[in-house]
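K.L.:
coordinates only, sequence not included:
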């Protein structure tokens, strides 16, 4: 039965892999055939996402550099945020350099917020959470995962499931590590459903591993074994060996727990080889710890001592005080930035509300003067004055609309000056014809009023003259 299940999983994986190969080929062909910066940037991101999430390949550093070059040339906040995100992700997953990774993630966050790009904001929070997970800071891992979950893109976004599955993975892993298995199982099952919709090998594998880990800790050995076997098939189909490495630790622990030392030793050696080939510090620490544990269990004293010393050296390089201080400084700077940005936005919002009130007061005064001049029956008004007041009213209305719509325009244009200017020109183009119509109507009313006043004055003069002539 297990062999049939594994075979069915293998067939499904092969079908998915073939579809993804076709997709990646079409993306790369499109990249070759375009020279437009925006299109090249978008295609590079799609290739990276497909390689990483859907095919389980390692991040291509050359592509991240290309992204940064285009972003700098285009001077786009959204592009820079995406570039820094992928560069940080490269340092985290490929180099195992947690401090540099965090530096790029925190550098990208304000840019993503300025561009109002929730997809990118959530991605950055999930990646920051992953760094803290590597550092065994489980509470910060949880905090940043929650922030990522609160910034998911809209459900209508094509990237919604891609970000949702990362939130579900992080929450499932958090509750698993806290031994809250009901909550962990809830998120694990939700992740499995989202992964199936995505048809992404990497996330499917992570979903199986999470379910296997939970069942293993709950004592469901046979069910855990089924999940691990399925994960092995998926891990073997991945094109990047660093992506496969995520599978080894939980499976090796499972084998050791069940006294399957030969299998555990074989899997540990595979992990150690991957860590050495890629010079990834996080993986080296993991593999050295597992090698030490195995050697202890097999009573290989010399080897156990060697890997114990090696583990201590690697742990010191990752968790030494300088690195921890740098990470704490980065996190503290981010907290200060959030506080300052919140205060700045609050002050700007307050100032904007005051300006809107001033504009409304000015508009009310000008409108009152115009109506008074039109409706007054006591004196003749110059049309030039009405034209002047009309232009003033037009400017005040335009400024009022600018103040009112400015935050909305910033969101939809992503702070792009050219698009902001175009939007304001469109508003002016709608206001000017309306102003001309109102001005024509008021001028007509004013002329009619002036005629009536003049006629009344003339009539009164004639009556006075007739009265004088009759009296004489």
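P.N.:
Sure, I can see it. For clarity, every value in this text was computed on a predicted model and none was experimentally measured.
K.L.:
And the one helix or strand residue 249 maps to, what's buried?
P.N.:
Under the assignment given by DSSP states H and E, the secondary-structure element containing residue 249 is helix 241-257. Buried residues in helix 241-257, counted by 16 or more other Cβ atoms under 10 Å: 241-256. The C-beta positions use only the backbone N, C-alpha and C, and glycine is treated the same way.
K.L.:
what does stretch 134-154 give?
P.N.:
The neighbour-count check on stretch 134-154 (16+ other Cβ under 10 Å) flags 134-135, 137, 140-149, 151-153 as buried.
K.L.:
Same check on stretch 203-217?
P.N.:
203-217.
K.L.:
distance between it and the chain's centre?
P.N.:
For stretch 203-217, the separation from the chain centroid amounts to 26 Å (computed by Cα atoms, centre = their mean, to the nearest Å).
K.L.:
Can you list the residue ranges for helices in the stretch 1-150 of the chain?
P.N.:
The residue ranges that make up the helices of the stretch 1-150 of the chain, judged by DSSP state H, counting those that start in this stretch, are 2-32, 37-49, 61-74, 77-90, 98-114, 118-134, 138-149.
K.L.:
Including distance to residue 421 and mean pLDDT, could the ones you listed go into TSV?
P.N.:
As requested, the helices of the stretch 1-150 of the chain are exported to TSV (distance: least, Cβ to Cβ, whole Å; pLDDT from 0 to 100):
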stretch	distance to residue 421	mean pLDDT
helix 2-32	32	60
helix 37-49	19	92
helix 61-74	18	91
helix 77-90	17	92
helix 98-114	18	91
helix 118-134	25	94
helix 138-149	34	96
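K.L.:
Export these to JSON lines and append columns for distance to residue 276.
P.N.:
Supplementary listing: those in JSON lines, determined by distance: least, Cβ to Cβ, whole Å:
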{"stretch": "helix 2-32", "distance to residue 276": "27"}
{"stretch": "helix 37-49", "distance to residue 276": "25"}
{"stretch": "helix 61-74", "distance to residue 276": "19"}
{"stretch": "helix 77-90", "distance to residue 276": "19"}
{"stretch": "helix 98-114", "distance to residue 276": "19"}
{"stretch": "helix 118-134", "distance to residue 276": "18"}
{"stretch": "helix 138-149", "distance to residue 276": "27"}
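K.L.:
Quick one: closest of those helices to residue 464.
P.N.:
Put simply, out of the helices of the stretch 1-150 of the chain the one that sits nearest residue 464 is helix 98-114, at 73.7 Å, with distance taken as Cβ to Cβ.
K.L.:
which other helices and strands contact the helix holding residue 249?
P.N.:
Identification of packing neighbours for helix 241-257 by 3 or more Cβ pairs under 8 Å, 6 or more residues apart in numbering; DSSP states H and E yields helix 201-217, helix 221-237, helix 261-278, helix 281-297.
K.L.:
In the second one, which residues are buried?
P.N.:
Think helix 221-237. Of all the residues in helix 221-237, those buried under the rule 16+ other Cβ under 10 Å are 224-235, 237.
K.L.:
What number of residues are in the vicinity of residue 290?
P.N.:
Look at residue 290: counted by other Cβ atoms under 10 Å, it has 24 neighbours.
K.L.:
Let's test this: mean pLDDT of the helix holding residue 249, rounded?
P.N.:
Mean pLDDT, taken over the full extent of helix 241-257, equals 81.
K.L.:
What lies in contact with it?
P.N.:
Applying Cβ atoms under 8 Å, 6 or more residues apart in numbering, the external contacts of helix 241-257 come out as 52, 56-58, 93-94, 202, 205-206, 209, 212-213, 216, 224-225, 228, 231-232, 235-236, 238, 261, 263-264, 267-268, 270-271, 274-275, 277-278, 280, 283, 286-287, 290, 293-294, 297.
K.L.:
try 7 Å this time
P.N.:
Applying Cβ atoms under 7 Å, 6 or more residues apart in numbering, the set of residues contacting helix 241-257 from outside is 56-58, 93-94, 202, 205-206, 209, 212-213, 216, 224, 228, 231, 235, 238, 263-264, 267-268, 270-271, 274, 278, 280, 283, 286, 290, 293-294, 297.
K.L.:
circling back: so which of the buried residues of stretch 134-154 is the closest to residue 171?
P.N.:
Nearest to residue 171 among those, with distances taken as Cβ to Cβ, is residue 145, at 6.1 Å.
K.L.:
gap between the closest residue to that closest one other than its chain neighbours and residue 176?
P.N.:
Nearest-residue entry for residue 145: residue 170, 3.8 Å, with adjacent residues in sequence omitted and distances by Cβ to Cβ, 6 or more residues apart in numbering. Shown here: residue 170 relative to residue 176, a distance of 11 Å by Cβ to Cβ, to the nearest Å.
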